[in-house]
Every structure is written in C-alpha cells, then in structure tokens.
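1. I'll drop the sequence and a predicted model, then ask my questions.
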Amino acid sequence: MYKTKDGDEIFIIDGHVHNWDASPENIKNIHGKQFIDCFYGYHASLSPPEELWTPEKFAKYGAEQMVRDLFIDGPDDMAILNPTYLKDFYKNGFNTIEQNAVLKTRYPDRFILNGAFDPRDGNGGLEALHAMAETYKIKGVKLYTAEWKGDSRGYKLSDPECYKYFEACEKLGIKNIHVHKGPTIIPLDRDAFDVADIDHCATDFQNLNFIVEHCGLPRLDDFCWIAVQESNVFGGLAVVLPFIHSRPGYFAKVMSELLFWLGEDKILFGSDYGIWTPKWLVEKFMAFELPDELVQETGKQLTMQAKKKILGENAARIYGVDIEAQKAKQSRVKELVA
Amino acid sequence: MTSGTQARIEQVRAALSRVTDPELDESVVDLNFVTGIEAGDDGAVAVTFRLPTYWCAANFSYLMASDMRDAVAALPWVKQVSVTLDEHMFVDEINDGIAGKKDFAEAFPAEAGMDLSSIRLNFGLKSFERRQEALLRHLLAAGHAPEVLLELTVEALPRLTLDAAGAALRARYLERRNLAGDSPLAFVTRDGLPISAGNLAVYLRHVRRVGLNAEFNGALCRGLLAARYGEAPHELPPEPELIDFIKRAATAVT
C-alpha cells in the first residue's frame, strides 16, 4: 500500500515480477551466463546508485528477499508472477511456474500466478495448458514469441497453431495474455518484436486481453498505433518506468505518448523485479508530473486518478481482484501479526 | 605512429561515421561501437567493433558489419578489409560471413528465405520519417507557412534559404527522400502520398513516435554498452534532444 501525503491509500498490483535462479550452479552454458549478465546491464544502467545490487545477489536473491522487497519494504499489495523457462540455458529453468507456485502457496493473497505455453508444442502443449489451468487456476499466461525451439527461431501470435491455444484459453478462463514484446531474447532473422501479430489476434479474440510487456520496445512507435485501434490491447510499463530516474525527459515523452494513444485505462505498472525494486519506482512515479509543454501538446495529464489506475486498478479489473476485499484481508493479517 | 598511418585511420573513421545503426539512425562511431582501427601502408585495414549486448539481433549486426566493410573498401587506397565483431552469440557466423563476403542467408544457412533488404527499407523509412519531422519542425519554427512547404517540390527544396542548422537537417532528409517514392513533392508520407496543411499537426504527432522510439532505444543501448564494458555505468551521457542527435550526425557528415 502506498500512502500519499494526504493519507490517501493507493492499492498497488505489480504487474510483472520474477523469482529467478541464475546462480552458477544452475547455469548450463555460456548463454545462461550472458543472459543474466544482460539483465544485470539493465539493472546497473537504469537503477539509482543506492539501489544497486552485487552481481552475486542479483543472480539469486531468493523468496524471502523478494517478499521483503515487494511487500514489506516495498509498496506492492499484490504481484503477478510471470514465468520465464529458458531451460536451454538453465539446468532447472530460470523461473518456472513450479518454482513460482511455491510462493503462491505460501502467500496466496499476495501473488497472482501465471502460466505459459508455446504453440510449437502442439497437442501435448494443449494438454499441459489444461493441466496447468486445473492445478493452478491460472488467469493469465506469459508468452515469448522470440524463443528458440529446436530449429524454430520464433513464432507469431497470428499463426494457426497459436489460435488453437487462444481458443483453449477462452474456454479455460485464461483471459490475460502477456506477450514479451521487448528487449531481446535471441532474435535471429525474424523481426521477433514486430508487434503486427497482436493486431490480428486482438481483433479475433475480443474476450482476451493482450498485455504487451515493455510496451513493444524497441517497437514503441508501431505498438502505439496498434493499441489505439484495439480496445483489448494493454501496455506493460516494465523497462519503461526505470527511465524515470536516469532519463526523466524521455520518460515524460513516452508516458504522454502512451496516455495519448492508449489512454490511462490501458497501462499497467510492472517493476520487473528483481531487475528493479518497486519501492523507488513507485515513489518516483507518484512524485512525477508531466511538463506543461507536453500536456499542452497532447492534452493528456498524468493525474492522481491516472496514477491509481496504472498502479493497481487496471490490473485489478482484468484479473478480477476486488480491491476492497483484498485490503480487508491484508489488514486482518496485520492485526494477527501485531 | 607515422602521420601517414594517422591520416589513413582518420579516413577510415570518417567512412565508418557514415554507417548507421539502422534501428537508431545514429553513426556506429558516435554510438561507441567501433573499438579499433588499424591501417597498414599495404592498404590492409582491420576494424573491430562491439555491441551493447550478447543478444543484439544478428540481422542488424550483420547489416552494420557489412556496411562498415563496404564503406571502408570504397576508399581508393584500401586493398583489403577485415571487420571483426567481439563477444556475440553469433560471433563466428557473423565474422566468417563478413570475411567471406557472404550474404546473410549464406552466413546463416539454417534460416532459409531471409532477406535483409526488407529490414533495410523498413528502417530506412523510419529514418526518413524521423529526419523529415526534424526538418519540418525546424522550418515551421523559422516561420515557413505550412501551405507553402507542403507544395514545395524536391527540386525547389535545395534552393530554399536556410540557416546552418536548417541546411544540415535538409541534407540529412534528402539522403532518405528517395525511399518514399518519386513524387515531385518534397514532403510526402512514407507511402509517397501528399500531406495536406489541415492534417499537418496530426501527421507530425504520428511521425513523432518514430523519433521518440529511436531516441529511447539509443539511450537504452548506450546504457547497456557502458554497463557491459564497465564504463562508468551511472554516468550516462547528458540527455539529448532529438535535434541534438540530428545536429551531431549532420556535423559528422558535412
């Protein structure tokens, strides 16, 4: 919970968090090492100096540290666990649903557990998705369209195989499709971050929500154009938000473009923990104001109302979270502890 | 180092500064990608370069490497060029492919049906839009009427009297103008269609996203490069505006 100076309480759902294991023991090959080094590059280049971790801590911080950084020291009320398998790089995977499920079991009111699928897994993958839905009651999945698989160097959301999975998602009540359209995970020849495929599936699956993580960076320009035309396309702020510290001018411009093209109802906060911690991100975001000249140009303001929506209400809406009921549960827990 | 060697190195650097990262539309020299240039008196040149991450897309990396090779080879005294990439997921494929003058599909035979020319065109058009926006905003700020600008022909644009900054922006724009078709009009959309004065404000807002995206990526890439090579990760370069990128690039060319 974030409290404003006026005592206003803001409910925060962190739309994108990880509990990964990139410790030396779990790294399978040079790619695994380079992958975590690249993540660390994001952490090191965009964090305020006082928030910098050592590479050792960054490789594996563990569940306890995570719960502390998100909910105790940090302002998050709830957080969405999105898995990233990368089993070709890490012996036990980087961040799997099985690992995340341990956190969900321990803190059922704090975490929203998401699954994953890969349309190239065919019927076996469909069965696995059914099993995942049954075991974990998931309401969302995270997809990496640029991930390698055998000889394949990626897929498109508009592929017919992928449509079978979306049909299954509709039936299983998996309403939220998070798509990694952001900085690189092994793209080779295809422009794997091309966002055009979102356009097709968002039109064809009106009952599903498509959350484009990292707002399509490095294709922000194309993404805004698609999102404005599709009512069920959202933008996730992970990777965009940290610019608020090192490059506030760019952040302001990007934010006003997002407000202009997508609107305040379709933008979701995400810290991308452990790359960044939510405490400083939320504090800076709450204190942030768009410069007058941008407001005059776009006619869009980052109001308190908009901030509340982005930090929690939008995610609550698409995940069916009753904020008041959730608050009541959490204050009961506090009383028990006290 | 002899003055002859130094002069040759400067010529190579000048040639490389015209090679851009297609996505960022900035010079590979300005981006700090080029790490070494050797130029012997036998006409052999060796260039080494690096990228912000191990994962930077192979197709873009290949485009830059082959453009660098070709830019250096075009110098009259150059007999032999090697361009070598450091630390990348596909370091061998890229270095061997560039050395063997293979096209991208030959360098990556497992990936059938690839063609870098469509990427080149797509990002060339983004660069066209970005340079056009910068020029149009400059001209509008200098008091040119939208109706007049939008009826100006490609032939007449170079005759317009402009200050130094405007002339540099115009030169940069004209380098990309032919990508948008052969309409006689100087200012058209990426599809070669005329822009009406009534729609100009909306059009400019539309193309502004393109430049903003490139600048945002440029800032990200610089930060990652600095972090990767341990070069003062917290001392990011000052925050430049669109016009600074274009100005600096324009100075490098002129």
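-> Arrived safely. This one's a predicted model, so the numbers in the text were calculated from it and none came from an experiment. Numbering: from 1, shown residues only, chains lettered A, B, ... in the order given.

2. List, one by one, the residues from the stretch 201-338 of chain A near chain B.
-> A:217-221, A:224-225, A:243, A:246-247, A:249-250, A:253-254, A:257, A:260-261, A:297-298 (Cβ under 8 Å from any Cβ of the partner chain). Yep, even glycine has a C-beta here, placed from its N, CA and C like the rest.

3. Mind checking which of those are buried?
-> Using 16 or more other Cβ atoms under 10 Å in any protein chain shown as the burial test, those include A:217-221, A:224-225, A:243, A:246-247, A:250, A:253-254, A:257, A:260-261, A:298 as buried.

4. tell me the domain boundaries of chain B?
-> Per the record, chain B has its domains at B:3-114, B:121-253, by automatic domain parsing.

5. Reformat these as CSV; add mean neighbour count and distance to chain A.
-> Shown next, in CSV, are those (neighbours: other Cβ atoms under 10 Å in any protein chain shown; distance: least, Cβ to the nearest Cβ, whole Å):
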stretch, mean neighbour count, distance to chain A
domain B:3-114, 18, 4
domain B:121-253, 17, 3
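
6. Lowest average pLDDT across these?
-> Mean pLDDT is lowest for domain B:121-253 among these, at a mean of 85.

7. from the chain's centre, how far out does it sit?
-> Relative to its chain's centre, domain B:121-253 lies at 12 Å (Cα atoms, centre = their mean, to the nearest Å).

8. what does stretch B:59-78 give?
-> 13 Å.

9. so who does the nearest residue to A:N176 once chain neighbours are set aside touch?
-> Counting by Cβ to Cβ, 6 or more residues apart in numbering or on different chains, A:N176 lies nearest to A:G140, which is 3.6 Å off, once chain neighbours are set aside. Residues near A:G140 by Cβ atoms under 8 Å, 6 or more residues apart in numbering or on different chains: A:I80, A:N82, A:I112, A:N114, A:G115, A:I174, A:K175, A:N176, A:I177, A:H178, A:Y319.

10. The fifth one: how many residues sit nearby?
-> So that's A:G115. 25 (other Cβ atoms under 10 Å in any protein chain shown).

11. What of the first one?
-> By other Cβ under 10 Å, the residues close to A:I80 number 25.

12. Helix, strand or coil: sort out it for me.
-> Counting by DSSP: H, G, I helix; E, B strand; the rest coil, the backbone at A:I80 sits in strand.

13. name the element residue 131 belongs to?
-> As the question left the chain open, I've gone with chain A. According to DSSP states H and E, A:A131 maps onto helix A:122-136.

14. was after chain B, sorry
-> Going by DSSP H and E, B:R131 is in helix B:116-141.

15. Next: B:V47.
-> strand B:44-49.

16. With B:T5 instead?
-> Going by DSSP H and E, B:T5 is in helix B:3-16.

17. next one: the following helix or strand past that helix to chain centre, how far?
-> Tracing the chain past helix B:3-16, the next element assigned as helix or strand by DSSP H and E is strand B:20-21. In terms of Cα atoms, centre = their mean, the centre of strand B:20-21 is set 3 Å apart from its chain centre.

18. For strand B:20-21, name the packing helices and strands.
-> Packing partners of strand B:20-21 (3 or more Cβ pairs under 8 Å, 6 or more residues apart in numbering or on different chains; DSSP states H and E): strand B:26-27, helix B:58-73.

19. just so I have it, where are all the strands in chain A?
-> A:2-3, A:9-10, A:13-17, A:78-81, A:111-113, A:140-143, A:176-180, A:209-213, A:233-236, A:267-268 (DSSP state E).

20. quick one on the thing from earlier: and the helix holding A:A131, what does it pack against?
-> helix A:97-106, helix A:160-172.

21. With adjacent residues omitted, what lies nearest to A:Y144?
-> That would be A:H180: by Cβ to Cβ, 6+ apart, it lies 4.8 Å from A:Y144.

22. How about B:V188?
-> Computed as Cβ to Cβ, 6+ apart, the closest residue to B:V188 that is not its neighbour in sequence is B:A180, at 5.5 Å.

23. For the one you found, list the residues it contacts.
-> B:A180 neighbours (Cβ under 8 Å, 6+ apart): B:L125, B:F128, B:V188, B:T189, B:R190, B:D191, B:G192.
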